[in-house]
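In: Please find the sequence and the predicted model below.
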Amino acid sequence: MRCYKKKIQFSLLLAAGLIVLALLCALISQIDFSDDSSIFSSEYISGQNAADHAFEAYMEDLFRQEVSSSGLTLHYTLEDPSSHGITQYNTELGSYSAENFRISAALSENISAALKEYDTSALSPENRLTLELLEDTLYNTTASASFLYYEEPLRPTTGDQSELPVLLAEYTFSDSQDINDYLEILSSIPSYFDSICVYEREKQERGLFMADSAAETVIAQCSEFAASSDNNYLIYTFEEKTDGLNSLSRNEKAAYKEQNRAILIGEVLPAYQNLADTLTELYSPVFRSSSSSADAAENSGNQAGLCRLPRGTEYYEYLVRTFTGSGDSVETLQKRTEEQRTADLTEAAALLAGHPELADELETLDQSSDGILSGTPEEMLEHLNHEIQEDFPTVENCSCTIKYVDEAMEDYMAPAFYLTSPLDHFTENSIYINRGSGYEGLQLFTTLAHEGYPGHLYQNAAFCSTAPSPIRALLGPAGYAEGWATYVEMLSYHYAGLSDELADVLALEQSAILSLYASADMGIHYDGWSFDQTWDFFSGYGFSDEAVIREIFELITAEPAHYLKYYIGYMEFLSLKDYAEEIMGEAYTDPGFHQTVLKMGPCTFPLLKKYFAEFYE
């Protein structure tokens, strides 16, 4: 479960190889909103003094520079780029290379120096928060240059090879310019993949190539996509969207369809096959044994945790800091995770002991066909949107369309995900459901809470309705977005028509399960757990299916810190809530807490804590 969101790498957003794929869940705009369209009683007012005006002008310039560096980034950020003075932009995906990471780091240092010219004491709280968040992002971008060949663009579940088709399938067409931009993006995929092939060879030469299990999965994904040919879903999604443009003649539509088909079949699918062939060669034992690099021959890739690689521990610490937005060390996060798991399991056990009837209710829960849990996804979302009104601020005129992952991609996509809408058109949203996951009933309900209301979709729309600085669309750690969605997912058990006691037990058990993944992530990548150690850990909590644990081990190995975005982010929200209750005293309410963190938007947890009192209403 995840949302596609934007992240920033100054300044070559795509040229540095970080496509628009990993993106932040809060796309925002500077549209004027009437009082009844905003969820907050006071609006953000820019330009209150000269310092604010100068800073906001610089942020606008920086936003334009970053968002126009890629047509794909621009399309998913703004529906009307001209409203921000953007008339020229790059449509190609660029290239993925170590050199581009170096350039991005150098540019980040330059922007950091420029930010030091601003007197933070003269800025509004909103602008001070933006400045400090930007400084943190720049710091992380600069730090990434220390790990040039540790990055991995081809991950089994969140890699470019699997996410690009989704972004292309959802790419909207409003006019012929959108189609032309789309076709240029499509045409740039072969050269982009060629640069990834070069980068992967350089990783292998340094002994930093991906694990065999990850390579096998990515190879299978690419080969299957390459073989789809005439039945490729990017053909019929393109044709469906093109047919929907009444401004085009029949001949123009036919010409565009033929051009798309020719590029896809003649260029893109061979590029996917070339990527598969290159990876097959690089993970081949024959290739490794003939490598000129002694390190590469000895260490043929990250077959286990990052800590087993040179500087792998440092890189993992960098990932944890960047992904989660937490200010704590890995050691502290390990301790907090264990303590939270113990507390959750203890509380769940006490509830079960005090309410013996819960055991039977848990046993028959999946067999129940009553109430909202037997409804359609659309009915579940409507129910959630209604039930959250007392606990969360209202967001007006926000709609959602349920879509389904193409059957060809079901084996490789998450059970569900939210795809962000442009910041100047955030009221229309899409949630994709992967029918291959088999989710239904309560599992589907809580997943839709995570992705929809009051999760990713709601959080995005709520922040957009405050009309903050547009640069915020490109800032913030995934730990905020995923942590928020996980936090409200736990609350959603109480919206499912269950007794409070049963809802509490289910939420506590789900929290404990997520904590196991988080502990395993840190154990494998920070402490160097082997598979046997990982199996011992899970079996200690009653999980003994070796095949399942092997799958978990391989996924965590391939995607370090991935699960931490969810669980550490969730724990940080719990901790922030405790802090808010302490400092606000009798003024504290849960709706007030939710309103405040939504208004502050995606940022690191130390900043949320630092500025919470100033934003609380």
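Out: Alright, I've got the coordinates. Residues are numbered from 1 along each chain as shown.
In: low-confidence ranges in this structure?
Out: Judged against pLDDT under 70, the low-scoring parts of the chain cover residues 1-48, 285-302, 367-369, 408, 412.
In: let's see it at 80
Out: Screening the chain residue by residue with the criterion pLDDT under 80, one finds the ranges 1-48, 284-303, 366-370, 406-413, 421, 617.
In: longest helix in it, by residue count?
Out: Taking DSSP state H as the assignment, the helix of the chain that covers the most residues is helix 176-205.
In: which parts of it are buried?
Out: Applying a neighbour-count criterion of 16 or more other CB atoms under 10 Å, the buried positions in helix 176-205 are 178-179, 181-183, 185-190, 192-197, 199-200, 203-205. C-beta coordinates here come from the backbone N, C-alpha and C atoms, glycine included.
In: can you check stretch 404-417 too?
Out: By 16+ other CB under 10 Å, the buried positions in stretch 404-417 come out as 405-406, 408-409, 412-417.
In: between those, which is closest to residue 54?
Out: Of all the buried residues of stretch 404-417, residue 54 sits closest to residue 417, with 38.8 Å by CB to CB.
In: Paired strands for the helix or strand that contains the closest one, with orientation please.
Out: With elements taken from DSSP states H and E, the one containing residue 417 is strand 416-419. For strand 416-419, the paired strands and their directions (DSSP bridges) read strand 2-4 (parallel), strand 428-433 (antiparallel).
In: one step back: show me what the longest helix of the chain packs onto, helices and strands only.
Out: Under the contact criterion of 3 or more CB pairs under 8 Å, 6 or more residues apart in numbering; DSSP states H and E, the helices and strands touching helix 176-205 comprise helix 71-77, helix 160-170, helix 250-263, helix 269-282.
In: Just say which of the ones you listed is most tucked in.
Out: helix 71-77 (a mean of 25; mean count of other CB atoms under 10 Å).
In: now the angle between helix 176-205 and the helix or strand that it is followed by, please.
Out: The first helix or strand that comes after helix 71-77 along the chain, using DSSP H and E, is helix 98-115. With axes from the mean of the first three to the mean of the last three CA atoms, to 10 degrees defining the directions, helix 98-115 sits at 110 degrees from helix 176-205.
In: what's helix 98-115 packed up against?
Out: Contact here means 3+ CB pairs under 8 Å, 6+ apart; on that basis helix 98-115 packs against helix 125-144.
In: Show me what counts as buried in the helix it packs on.
Out: Residues of helix 125-144 classed as buried by neighbour count (16+ other CB under 10 Å): 126-134, 136-138, 140-144.
In: Quick check: residue 583 vs residue 603, distance?
Out: In this view, residue 583 and residue 603 are 18 Å apart by CB to CB, to the nearest Å.
In: who's more crowded, the two?
Out: When neighbours are counted by other CB atoms under 10 Å, residue 583 and residue 603 differ, and residue 603 comes out ahead with 25 against 12.
In: just so I have it, where are all the strands in the stretch 251-400 of the chain?
Out: The residue ranges that make up the strands of the stretch 251-400 of the chain, judged by DSSP state E, counting those that start in this stretch, are 399-404.
In: so how far is the helix or strand hosting residue 461 off the chain centroid?
Out: Here residue 461 is covered by helix 456-464, with elements defined by DSSP H and E. Here the centre of helix 456-464 is set off from its chain's centre by 14 Å, with CA atoms, centre = their mean, to the nearest Å.
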